[in-house]
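Engineer: Sequence plus predicted model, see below.
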Amino acid sequence: MAQKLIEISGLKKFYTVGTQTIKALQGVSLTIHKGEYVAIMGPSGSGKSTLMNLIGALDTPTHGTYILNDFDVSHMEDEQLAEVRNKEIGFVFQTFNLLPRNSALDNVILPLIYAGMPKAERTERGKQVLKSVGLESRMTHKPNELSGGQRQRVAVARALVNNPSIILADEPTGNLDSKTSVDIMRLFDRIHKQGNTVIVVTHEEDIARHAHRIIKLKDGLIESDMVNEEVAVV
């Protein structure tokens, strides 16, 4: 059986806003194995963004435990969380989050600079990954010289460059037209088939349908956790 990559138990996250306590997550437990393709869904206010922030080591829970690749991430300090993020997680955001003055290649190799990889090695790795997402002819282009779909491909390449444990995508097609969205989701399908663990956070049913497992949140709890029969048999 595939190894457990994520083990979440009794995860709660409360925020205080003025005199009010907002219970964003109220006790979420789930396990994700290496090589899974999971969609996390839910309406606004369901807790999906909070759960994504916790899975991505961008925040720590109020209660409960989160084990990622045998590391207990639940109570880490900011510096430790930053290390986990750089080593274990490749992020893909709706807004691409690219540095506007940097070329596609320079954007992609940024995590390798933080990781301390030598320049020649990181340049070679960056070129390989950009080629793998079909952008070998766009390496020197800056974000404003690229289409929305190409920018998202740069973001996907950046997420892959460190060989992370998880690719974590937050509404990855939110800023793209429908045709480009289909292309990007095909790219995620391919990345998953190559053995990567993919977690997509989305409110769109057609995006979630690419995943092999769909987890739906409601009011800070898991409402359903189901295998997607349409693709799981493929």
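Structural biologist: Nice, thanks for sending it over.
Engineer: Every contact and neighbour count from this point should use C-alpha atoms.
Structural biologist: Will do.
Engineer: Number of residues surrounding residue 62?
Structural biologist: For residue 62, the count of nearby residues is 16 (other C-alpha atoms under 10 Å).
Engineer: who are the neighbours in contact with it?
Structural biologist: With contact taken as C-alpha atoms under 8 Å, 6 or more residues apart in numbering, residue 62 is in contact with 11-14.
Engineer: Now which of the residues you listed would you call buried?
Structural biologist: Among those, the ones that count as buried by 16 or more other C-alpha atoms under 10 Å are 11-13.
Engineer: from the residues you listed, which is closest to residue 224?
Structural biologist: Among these, residue 11 lies closest to residue 224 (C-alpha to C-alpha), at 16.2 Å.
Engineer: Past the longest helix seen in the chain, which element shows up next along the chain?
Structural biologist: In the chain, assigned by DSSP state H, the helix with the most residues is helix 178-193. Using DSSP states H and E, the next helix or strand after helix 178-193 towards the C-terminus is strand 197-201.
Engineer: Who are the packing partners of that following strand?
Structural biologist: Judged by 3 or more C-alpha pairs under 8 Å, 6 or more residues apart in numbering; DSSP states H and E, strand 197-201 is in contact with strand 37-41, helix 48-55, strand 166-170.
Engineer: possible to save the ones you listed as CSV with mean neighbour count?
Structural biologist: Listed next are those as CSV, based on neighbours: other C-alpha atoms under 10 Å:
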stretch, mean neighbour count
strand 37-41, 26
helix 48-55, 21
strand 166-170, 25
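Engineer: so which of those gets nearest residue 132?
Structural biologist: Of all the helices and strands packed on strand 197-201, strand 166-170 sits nearest to residue 132, with 15.3 Å by C-alpha to C-alpha.
Engineer: May I see the buried residues of the longest helix of the chain?
Structural biologist: Those would be 180-181, 184-185, 187-189, 191-192, for helix 178-193 by 16+ other C-alpha under 10 Å.
Engineer: Give me the subset of the contacts of residue 62 lying in strands.
Structural biologist: The strands, defined by DSSP state E, take in 11-14 from those.
Engineer: Now residue 22. Nearest residue, chain neighbours left out?
Structural biologist: Nearest non-adjacent residue to residue 22, counting by C-alpha to C-alpha, 6 or more residues apart in numbering: residue 15, 5.0 Å away.
Engineer: now residue 69
Structural biologist: Spatial nearest neighbour of residue 69, chain neighbours left out: residue 5 (4.9 Å); criterion: C-alpha to C-alpha, 6+ apart.
Engineer: Next secondary structure element downstream of the helix or strand hosting the one you found?
Structural biologist: Using DSSP H and E, residue 5 sits in strand 4-17. As assigned by DSSP H and E, the chain's next helix or strand after strand 4-17 is strand 20-33.
Engineer: Now residue 171, what are its backbone angles?
Structural biologist: Residue 171 adopts backbone torsions of phi 40, psi 60, taken as degrees, to the nearest 10.
Engineer: do the one 4 residues further on as well
Structural biologist: Dihedral angles of residue 175 (phi, psi; degrees, to the nearest 10) stand at phi -110, psi 20.
Engineer: I'd say it and residue 93 touch.
Structural biologist: No: here residue 175 does not reach residue 93: they are 9.8 Å apart, not a contact under C-alpha atoms under 8 Å.
Engineer: Pick out whichever of those two has more residues nearby.
Structural biologist: Using other C-alpha under 10 Å as the criterion, residue 175 and residue 93 rank with residue 93 on top: 20 against 16.
Engineer: just the angle between the strand holding residue 5 and strand 166-170, please?
Structural biologist: Here strand 4-17 runs at an angle of 40 degrees relative to strand 166-170 (axes from the mean of the first three to the mean of the last three C-alpha atoms, to 10 degrees).
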